[in-house]
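[1] Mind folding the following:
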Amino acid sequence: MFKPGDLVYYDKRASGVNRDFFPFVADEVRAIGVVVSNVKTYDYHGEGVNWIWVLDESGNKIIIPLDYLEPVSN
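    Next up is the predicted model:
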């Protein structure tokens, strides 16, 4: 599971808790960020969506659902 300080790949299109496309369908949407929160859950019509805050490439704090994150390997 992700924790603050972890480096992650995130899908640039996935800021927010709802997405209706598949993650990482094109290489140009992949970026590296830093996790800055523990996992949180958003209730979306009775379904729990797990997400975290990530600092993006520009230093902005954005919400990314866990499905749109991949760990950066050491």
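
[2] hmm, who's touching stretch 35-42?
    Identification of contacts with stretch 35-42 by CB atoms under 8 Å, 6 or more residues apart in numbering yields 1-8, 17, 48-55, 61, 66. All C-beta atoms are positioned from the backbone trio N, CA, C, and that covers glycine.

[3] Can you get me the start-to-end distance on that stretch?
    17 Å (CA to CA, to the nearest Å).

[4] Name the residues of that stretch that are buried.
    residue 35 (16 or more other CB atoms under 10 Å).

[5] and it, how far from the chain's centre?
    9 Å (CA atoms, centre = their mean, to the nearest Å).

[6] just stretch 36-49 next, same as before
    Offset of stretch 36-49 from its chain centre (CA atoms, centre = their mean): 12 Å.

[7] Same check on stretch 32-47?
    Relative to the mean C-alpha coordinate of its chain, stretch 32-47 is positioned 8 Å out (CA atoms, centre = their mean).

[8] end to end, how far does that stretch reach?
    The first-to-last residue distance of stretch 32-47 comes to 28 Å (CA to CA).

[9] The nearest residue to residue 51 once chain neighbours are set aside: neighbouring residues, count only.
    Spatial nearest neighbour of residue 51, excluding adjacent residues (CB to CB, 6 or more residues apart in numbering): residue 65 at 4.8 Å. For residue 65, the neighbour count with other CB atoms under 10 Å is 21.

[10] Next: the one 5 residues further on.
    When counting by other CB under 10 Å, one arrives at 15 neighbours for residue 70.

[11] isn't it right next to residue 14, touching?
    No. Applying CB atoms under 8 Å, one finds residue 70 not in contact with residue 14, separated by 11.5 Å.

[12] Tell me the secondary structure at the residue minimising distance to the centre of the chain.
    With distances taken as CA atoms, centre = their mean, residue 64 lies nearest the centre of the chain, 3.0 Å away. What DSSP: H, G, I helix; E, B strand; the rest coil gives for residue 64 is strand.
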